[in-house]
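Engineer: Below: sequence and its predicted model.
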Amino acid sequence: MPETLDLLVEIGTEELPPKELSRLSLAFEREFVAALARAQLEHGSVFHYATPRRLALHIEALLTSQPERQVERRGPALKIAFGEDGTPSKAALGFARSCGVDVEHLERQETNEGGWLIFRTTEVAQFTVSLLTPMLEEALGKLPIARRMRWGEGDAQFVRPVRWALILFGDTPVESEVLDVPTSGSTHGHRFHHPEPIALSEPSEYASKLYSTGRVVADFETRRDMIREQLVESGHELGGETLIDEKLLEEVTAMVEWPVPITGSFEAEFLELPHEALIATMQGHQRYFPVHSAHGGLLPAFVTIANIESSRPDSIREGNERVIRPRLKDAAFFVANDRKIPLEQRLESLEHTVFQHRLGSLADKSRRVSQLARHLAIAMGANPDTVAHAGRAGLLCKCDLVTEMVGEFPELQGHMGKHYAESDGEPREVARAIEETYLPRSSGDRVPTSPAGQAVAVADKLDTLTGIFAAGLPPTGDKDPFALRRAALGILRILIEANLDVDLPRLVEAAIESLPEAMPREGLLEAVSSFMNERLRAYFAEQGIAPDVFASVLALGPSRPFDFAQRVHAVQEFRLRPESTSLAAANKRIRNILRQADCDVPVEVDEGLLTEDAEWNLAAKLVGITPRVNEMLSKRDYANAMSHLAGLKESIDDFFDSVKVMDDDESTKANRLALLNNVGTLFLQTADISELQS
């Protein structure tokens, strides 16, 4: 058995960027493990650690040296390697030189394909310890760091100044230098609780010794779970439930090494503010976690996570309470000022706010969204009041962008619009639709539930999508500055998940029609539709739908995303049936036969021309099943329709086994082609299952 040892590497730094810590940690693991693989150094499990002041890896059972490797290189063919007198050619001499040997040390290899010069050698294995530092430097150099910095008088560059470095292989520290810092076998504990070096005797004691001696919870996931539990317990102690935002939890976990919960309170009068404004103030400015009451409203309290276990926790609490009050007073001031100007009057400010220089101002966009929202509401079959509410909400949905509160907290767009609309006396449906304009805000977020909100949300995204495409600025590669992929996915999610059975190309055409006259329109519908289909493909892929299932429905080009989804799920269910493989192959065969037919295929099957039992049986089955399947298809019950069609398997198999389709008699051949065409057409009412792979 080759010898192995555990390895521990750690880079100690000044506080790392909280929002980047997880990404840096995972990238560090990925790049270092890749370097080990390139060096052919096998190993066991890998554990990554990340705190504000360190990135570390513990790698179990790492080979202490590379395995010996047989190297073989093929050189020029023998017929060009030597002259007629046996003198080595320039090709042979060059190959030998590149291998570091003389020509006479090269071997000759004869095969059925000819002969070649061959160089064989055994690559000398290197000890792992000699490779660690360059591999560590290489991995650190590949981390996704937008801007690297220098510190002191050195030339090293990293995301933050490096203060210590540790490389421990087995029980032996590796003495070297990484990023201008000498390596050792010691780590450092908490900046305040235990800043002194902590010597380690073996890699496996890293996390436990940091915890017990250094007052550091090194594992990110463990620390996050610990903080979550602390937040839950603190909320219960305050008589409510802590509102845990996952992104904020991730950020706070990246800001502390020794988490300690601190609860605080503020004056109840601030609860008169919109709760979204309170939450944004606590979370955005102070990284506090709000607390809900049992009835769903906010309590005048918060939970924060300190990075130190203080002997005077009340002082920390009082300090946090002092800090939050002026923030809340600012929020109250912003809201009061905003309410002095009705939303409708803010349309004038939007006239001077550019959306995109070729597409006009935000006021221009608002008018387009209003028109398109009304169009969509009518297409949805909404009543006149809902149509009017959708148009009104579309006109006002961008007005809160020029308020002080949204200027301070952009994530409150829509939320503040709703509250200000209610203050202005707008109908409740209008206020709700304004808030729902931006839904879904992220992957996994809910879609709008009100008809007016659905219409405005789709209209807003569709106007952006078509407008930016018309401006010649579609996404390229991983660059999507206008978030068009998210907009397209949002449109599709709303239409599908809200069961809106509307024709998407017609909506796109309406959006294109409302664009400024100077905008180009040629090919725009096709470009936007193709883009939407790719987003639809991604949407179903995330749900585990196989690519060929999607392709089988796309082949028919359904124009209604909700209908498209029903077909996809029906085919996905059908594919799980044992008959699916045979029927997919049969449909592919039918398509090929009909494509190659050199005669006109009748629409109706002539029973008088049926001579074989197998074709009689298939025709009879088809006559019996067609009315039921058509009734299901009329109700768009594609799943049951496909289930009934699966019953044709044996008859179709028997037909192909027993019947000669391309009969010498032209009438018989045409009749059999008509029978197959009717079978294929019935399947094609749902999808082209010939696209399914076996």
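Structural biologist: Yep, that arrived. This is a predicted model, so every value here is computed, not measured. Residues are numbered from 1 along each chain as shown.
Engineer: For the stretch 101-250 of the chain, just list every one of the strands.
Structural biologist: All strands of the stretch 101-250 of the chain, identified by DSSP state E, counting those that start in this stretch, fall at 107-111, 114-123, 162-169, 172-173, 177-178, 181-184, 186-188, 197-199, 241-242.
Engineer: Show the pLDDT at residue 611.
Structural biologist: With respect to pLDDT, residue 611 has a value of 82.
Engineer: how far away is residue 214 from residue 171?
Structural biologist: Applying C-beta to C-beta, to the nearest Å, the value for residue 214 to residue 171 is 19 Å. From N, CA and C alone the C-beta is placed, and that goes for glycine too.
Engineer: the more surrounded of these two?
Structural biologist: Set residue 214 next to residue 171 and count neighbours by other C-beta atoms under 10 Å: residue 214 wins out with 21 against 12.
Engineer: List the backbone torsions phi and psi for the more buried one.
Structural biologist: Per-residue torsions, residue 214: phi -90, psi -10 (degrees, to the nearest 10).
Engineer: Going forward, count from 18.
Structural biologist: Sure, I'll start counting at 18 from here, so that last one is residue 231.
Engineer: Contacts only, for it.
Structural biologist: The neighbourhood of residue 231, defined by C-beta atoms under 8 Å, 6 or more residues apart in numbering, consists of 204, 205, 206, 207, 210, 211, 215.
Engineer: cutoff 6 Å now
Structural biologist: Shown here is residue 231, whose contacts under the criterion C-beta atoms under 6 Å, 6 or more residues apart in numbering are 206, 207, 211, 215.
Engineer: same deal with residue 87?
Structural biologist: Neighbour list for residue 87: residue 139 [criterion: C-beta under 6 Å, 6+ apart].
Engineer: so what strands line up beside the strand or helix carrying it?
Structural biologist: Assigning secondary structure by DSSP states H and E places residue 87 in strand 86-94. Counting by DSSP bridges, the strands paired with strand 86-94 are strand 131-140 (antiparallel).
Engineer: so how far is stretch 630-642 off the chain centroid?
Structural biologist: Here the centre of stretch 630-642 is set off from its chain's centre by 48 Å, with C-alpha atoms, centre = their mean, to the nearest Å.
Engineer: no, scratch that, I was asking about stretch 361-370
Structural biologist: Mean C-alpha position of stretch 361-370 versus that of the full chain (C-alpha atoms, centre = their mean) differs by 35 Å.
Engineer: and it, which residues are buried?
Structural biologist: Taking 16 or more other C-beta atoms under 10 Å as the neighbour-count basis, stretch 361-370 is seen to contain the buried residues 363, 364, 366, 367.
Engineer: so what are the domain limits for the chain?
Structural biologist: According to the domain assignment given by automatic domain parsing, the chain is divided into the following structural domains: 21-83+144-229, 87-139, 238-355, 362-560, 585-708.
Engineer: which of the ones you listed is buried the deepest?
Structural biologist: domain 362-560 (a mean of 20; mean count of other C-beta atoms under 10 Å).
Engineer: and the longest helix for the chain?
Structural biologist: Longest helix in the chain by number of residues (criterion: DSSP state H): helix 330-355.
Engineer: and that helix, what other elements does it pack with?
Structural biologist: In terms of contacts (3 or more C-beta pairs under 6 Å, 6 or more residues apart in numbering; DSSP states H and E), helix 330-355 is packed against strand 277-282, helix 421-425.
Engineer: follow-up on the earlier one: which of the buried residues of stretch 361-370 fall within helices?
Structural biologist: Going by DSSP H, the helices hold 364, 366, 367 from the buried residues of stretch 361-370.
Engineer: Flag the shaky bits of the stretch 18-167 of the chain, pLDDT-wise.
Structural biologist: 18 (pLDDT under 70).
Engineer: ok so residue 617 is a strand residue?
Structural biologist: No - the secondary structure assignment for residue 617 gives coil rather than a strand, going by DSSP: H, G, I helix; E, B strand; the rest coil.
Engineer: does the closest residue to it other than its chain neighbours count as helix, strand or coil?
Structural biologist: The spatially closest residue to residue 617, leaving aside those adjacent along the chain, is residue 687, at 7.1 Å (C-beta to C-beta, 6 or more residues apart in numbering). Classification of residue 687 into helix, strand or coil gives helix, according to three-state DSSP.
Engineer: Mind telling me the two of the buried residues of stretch 361-370 farthest from one another?
Structural biologist: Checked with C-beta to C-beta, the buried residues of stretch 361-370 reach their widest spread between 364 and 366, with 7.3 Å between them.
Engineer: Find the residues that touch each one of these two.
Structural biologist: A shared contact of residue 364 and residue 366, defined by C-beta under 6 Å, 6+ apart, is any residue touching both; here there are none.
Engineer: which residues does residue 408 contact?
Structural biologist: Applying C-beta under 6 Å, 6+ apart, one finds that residue 408 lies in contact with 387, 390, 391.
Engineer: what residue is smack in the middle of this protein?
Structural biologist: Ranked by distance to the mean C-alpha position of the chain (C-alpha atoms, centre = their mean), the top residue is residue 460 at 7.6 Å.
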